[in-house]
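**Student:** Give me a model of this one.
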Amino acid sequence: MKKVIADLHTHTLASGHAYSTIQEMAQRASEMGIKLLGITEHGPMVPSSCQPIYFHNYKVINRYYNGVRLLMGAEVNILDYDGNLDLTSGDMRWFDICIAGIHNNVCYSAGSVMENTRAYCKVMENPDVDIISHPDDGRVPVDYEQLVRNSKETNVLLELNNSSLNPFNVRAKGNSAENMRTMMKYCEKYDVPLIINSDAHYSMEVGDFSRVQSLIEEVHFPQELIVNYSVENVLKYLHRFDSEKLLKELKEKEVI
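**Tutor:** Predicted structure coming up:
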């Protein structure tokens with residue numbers, strides 16, 4: 001398979017239940033040939049995670065480390081069926097990237113297929129959001145056809161999450177693999193791209209997409225519908241950037 005050059009969903013010590021620093025994550029990304037690394041700490045409704053002041057101080061972080069462009073942001077929490085989030089637009093103005101996801105029984109209570117699908121779709125209409133994290137969670141049933149069609153309409157990416165396929169992850173016990181197969185089927189039908197992410201909570205997981213890539217090969221999913229084989233393709237979905245300007249900057253910094 002092609003080389004994955006971006007890992008946009010990772011967590012550091014600041015998330016409260018992860019185990020590496022920003023520098024350790026960036027160093028591992030450099031070693032793995034990752035060019036774009038998303039540091040996306042959990043929003044404040046996850047116990048022991050970051051409060052808004054943490055995100056407001058992202059300005060102090062150098063965005064380049066050893067050939068890696070850091071994208072500082074958060075995995076904000078979807079709170080209800082109306083798509084309300086645990087950080088405001090004012091908080092998110094400091095972000096390079098915003099992922100939004102459901103953490104069931106932590107800060108969201110799963111409803112019906114219609115209610116859960118509505119929650120995701122309302123969030124995808126939010127101009128602050130770039131990616132939906134792990135929509136494969138079988139404890140939160142959704143209409144995948146509607147989700148994929150909404151992804152196409154809003155230009156918000158759906159994620160294939162490597163961590164979801166870890167047998168020790170509770171999501172794996174909720175039929176994540178089968179849900180990913182269903183999502184990929186509809187993405188192929190409607191020509192909608194997906195993004196692969198590690199959801200790393202430890203530096204050694206950065207750039208590890210092995211479980212997801214095995215599933216992609218199994219179903220013969222078109223490689224051209226995976227955006228993070230190409231820096232140029234990834235930049236099309238980062239709403240906060242002028243993609244041509246950032247691409248030029250990456251070349252000047254010899255990231256690519």
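
**Student:** Can you name the helix or strand that Ser49 falls in?
**Tutor:** Element membership for Ser49 (DSSP states H and E) is empty, with no helix or strand holding it.

**Student:** quick one, phi/psi of it?
**Tutor:** Main-chain dihedrals, Ser49, degrees, to the nearest 10: phi -90, psi -170.

**Student:** just Ala100 next, same as before
**Tutor:** phi -130, psi 140.

**Student:** Do you know the pLDDT at it?
**Tutor:** Ala100 carries a pLDDT score of 98 in this model.

**Student:** And the one 5 residues further on, by the same measure?
**Tutor:** According to the per-residue confidence, Asn105 scores 93 in pLDDT.

**Student:** can you count the residues close to the closest residue to it other than its chain neighbours?
**Tutor:** Excluding the flanking residues, the one nearest Asn105 by Cβ to Cβ, 6 or more residues apart in numbering is Arg139, at 7.8 Å. Glycine gets a C-beta too; all of them are placed from N, C-alpha and C. Residues lying near Arg139 (other Cβ atoms under 10 Å) number 15.

**Student:** show me what contacts Cys98?
**Tutor:** Residues near Cys98 by Cβ atoms under 8 Å, 6 or more residues apart in numbering: Thr40, Gly73, Ala74, Val76, Met92, Asp128, Val129, Asp130, Ile131.

**Student:** just those now: which is nearest Arg118?
**Tutor:** Val129 (15.1 Å; Cβ to Cβ).

**Student:** Any idea what the nearest residue to the closest one once chain neighbours are set aside is bridged to?
**Tutor:** Ranked by Cβ to Cβ, 6+ apart and with sequence neighbours excluded, the top spatial neighbour of Val129 is Ala100, at 4.8 Å. For Ala100, the beta-bridge partners are Val76, Ile132 (DSSP bridges).

**Student:** correct me, but Ala100 touches Val76?
**Tutor:** Yes - using Cβ atoms under 8 Å, Ala100 is in contact with Val76, at 5.1 Å.

**Student:** Quick one, which of the contacts of Cys98 are buried?
**Tutor:** Thr40, Gly73, Ala74, Val76, Met92, Asp128, Val129, Asp130, Ile131 (16 or more other Cβ atoms under 10 Å).

**Student:** and those residues as TSV, adding pLDDT and distance to Met204?
**Tutor:** Formatted as TSV, those follow (pLDDT from 0 to 100; distance: Cβ to Cβ, whole Å):
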residue	pLDDT	distance to Met204
Thr40	98	18
Gly73	98	22
Ala74	98	22
Val76	98	26
Met92	97	29
Asp128	97	31
Val129	98	29
Asp130	98	25
Ile131	98	23
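
**Student:** Start from the N-terminal end of this protein and give the strands.
**Tutor:** Ranges of strands in the chain, per DSSP state E, are 6-10, 36-42, 64-65, 68-77, 97-101, 131-132, 157-161, 194-197.

**Student:** Which among those strands is found nearest to Gly174?
**Tutor:** Gly174 lies closest to strand 157-161 among these, at 12.3 Å (Cβ to Cβ).

**Student:** which stretches of the stretch 151-256 of the chain have low pLDDT?
**Tutor:** By pLDDT under 70, the stretch 151-256 of the chain has no low-scoring segment.

**Student:** got the residue ranges for the helices in it?
**Tutor:** 176-190, 210-219, 231-235, 243-252 (DSSP state H, counting those that start in this stretch).
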